[in-house]
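>>> Structure of the sequence below:
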Amino acid sequence: MNKYKKLALGIVLDALGYASFIIPGIGEFSDIVWAPLSSWFMTKLYKGKPGKVAAVINFIEEALPGIDVIPTFTLMWFYTHVFFTKKTN
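Next comes the predicted model:
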């Protein structure tokens, strides 16, 4: 997948995670479903150990009330494609 398509998808997935704030009370219940689902998406977008670590962090972030405002997918994209890119000579 193109890295910019992956960024766009990550932004959409982060926005879906924010959607739980739209409906007070019901929103936190939706996190019970969204937390494992978003973690699964994370492992599909980012392979290997970094993807697994990000999935665990994503699960915790989405499952705990009040901290699911962190854009985990977007941060993982920056980690992967900006901060730790492989240098080619």
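
>>> For I23, the count of nearby residues, please.
Using other C-beta atoms under 10 Å, I23 has 11 other residues around it. Backbone N, C-alpha and C define where each C-beta goes, glycine included.

>>> show me the contacts for the residue nearest to it when sequence neighbours are not counted.
Spatial nearest neighbour of I23, chain neighbours left out: S30 (7.8 Å); criterion: C-beta to C-beta, 6 or more residues apart in numbering. Applying C-beta atoms under 8 Å, 6 or more residues apart in numbering to S30 gives the contacts 19-20, 23.

>>> So for S30, what's the pLDDT?
On pLDDT, S30 comes in at 80.

>>> Any stretches of this structure with poor pLDDT?
27, 85-89 (pLDDT under 70).

>>> Could you pull out the helices in it for me?
Ranges of helices in the chain, per DSSP state H, are 3-18, 26-45, 48-63, 72-78.

>>> and M76, how many neighbours does it have?
So M76, with other C-beta under 10 Å, has 23 neighbours.

>>> if I look at it, how far off is M1?
Using C-beta to C-beta, to the nearest Å, M76 is found at 14 Å from M1.

>>> Give the residues shared as contacts by these two.
L45.

>>> Next up, the contacts around W34.
Contacts of W34 (C-beta under 8 Å, 6+ apart): 16-17, 20, 62.

>>> out of the residues you listed, who's nearest K52?
K52 has its nearest neighbour among those in E62, at 15.7 Å by C-beta to C-beta.

>>> Report the contact partners of the closest one.
Neighbours of E62 in contact, by C-beta under 8 Å, 6+ apart: 17, 31, 34-35, 38-39, 68, 72.
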